[in-house]
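>>> would you be able to build a 3D model of this:
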Amino acid sequence: MAESTYAPAKPAITTPRPTPEAEEVYRRWLGFLDEEFCKHQSAERRAEIVRDQLFQLYLGRPHGGKLNFSLTSELPLNVLQLSLDPGNVTLEAEHYLDADKDRFARSKPLLWFWIMFDRSPIGLNHWLGIRFRCMLGRHLFAKMGKGVRIDHGVELVYGYNLSIEDGVIVRQGVLLDDRKEIRLGAGAVIGNYARIYTHTHDKEDYDKVIFAQTNIGARARVGTHTVVLAGTRMPDGEIVGPQGTADEQ
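Numbers count the residues shown, from 1 in each chain. You can find the predicted model right below:
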């Protein structure tokens, strides 16, 4: 008898999806938000849109009504309600002297939405989260390509200095320190918890901050926990393995 060999079948590649009913609702919500941010460019109106959306995501009810500041038992709730409005919060980026005040004012409500979506009860909804971040990125970034995937927990500084080409993957926990321009080339992959910087400090005078544009080439791979230093220009197809360091080329 001829000897036989067993080869396990290769698992089919699947794309997890929500139920059809949920997907329809998710798409309607994203479409509504996209339309609202297209229509409204002012910082004040965008802050109102974000506040109203966060009230429903966190508290399950529309924004409105007076807060009761007289009861100390309700102070934590008051703090939460006030903090859902981007106008009542401060972000670390607001301390930086290099921030473009006008551009950041328009970006801030969207940055707060980005942060608070990930921390909301639906923040780990993977299918929705990827599409939410891509939608928001089209209004927040200098450029947002097609077919981009950005996982949860990705940190931004300004948002407006970030350019992402088609097919880029940014995995969870990545820091994109876009105090200066960051450009991610088509098909680049940024591994979990990688740190990509555009600022550093002068060796002779640590209080002096130096800025430099950072470019990640097309189809380049930045490994998990890798640090990409300010001013780095990774060539197309370059690979830096896990826990590595990429510096100027």
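
>>> pretty sure residue 159 contacts residue 106?
No: under the criterion of Cβ atoms under 8 Å, residue 159 is not in contact with residue 106, lying 9.6 Å apart. C-beta coordinates here come from the backbone N, C-alpha and C atoms, glycine included.

>>> which stretches of this structure have low pLDDT?
By pLDDT under 70, the weakly predicted segments of the chain are 1-13, 249.

>>> show me what contacts the residue minimising distance to the centre of it?
Centroid-nearest residue in the chain: residue 154, 4.7 Å away (criterion: Cα atoms, centre = their mean). For residue 154, the contact set (Cβ atoms under 8 Å, 6 or more residues apart in numbering) comprises 133, 170, 172, 173, 174, 175, 176.

>>> if we can go back for a sec, higher neighbour count, residue 159 and residue 106?
The residue with more neighbours, out of residue 159 and residue 106, is residue 159; 23 against 19, by other Cβ atoms under 10 Å.

>>> using the three-state scheme, assign the more buried one.
Here residue 159 is coil, with the state taken from DSSP: H, G, I helix; E, B strand; the rest coil.

>>> list the contacts of the residue nearest to it when sequence neighbours are not counted.
Nearest residue to residue 159, sequence neighbours excluded (Cβ to Cβ, 6 or more residues apart in numbering): residue 140, at 4.2 Å. By Cβ under 8 Å, 6+ apart, the residues touching residue 140 are 107, 110, 111, 114, 156, 159, 160, 162.

>>> quickly note the distance from the closest residue to residue 87 other than its chain neighbours to residue 33.
Distances taken as Cβ to Cβ, 6+ apart place residue 47 nearest to residue 87, at 5.0 Å, with adjacent residues excluded. Distance of residue 47 to residue 33, given as Cβ to Cβ, to the nearest Å: 14 Å.

>>> more neighbours: those two, which one.
residue 47 (23 against 18).

>>> test my guess that that one contacts residue 109.
Yes: applying Cβ under 8 Å, one finds residue 47 in contact with residue 109, separated by 4.3 Å.

>>> shared neighbours of those two, which are they?
residue 86.

>>> what backbone torsions are found at the residue nearest to residue 159?
For residue 140, the backbone dihedrals are phi -110, psi -40 (criterion: degrees, to the nearest 10).
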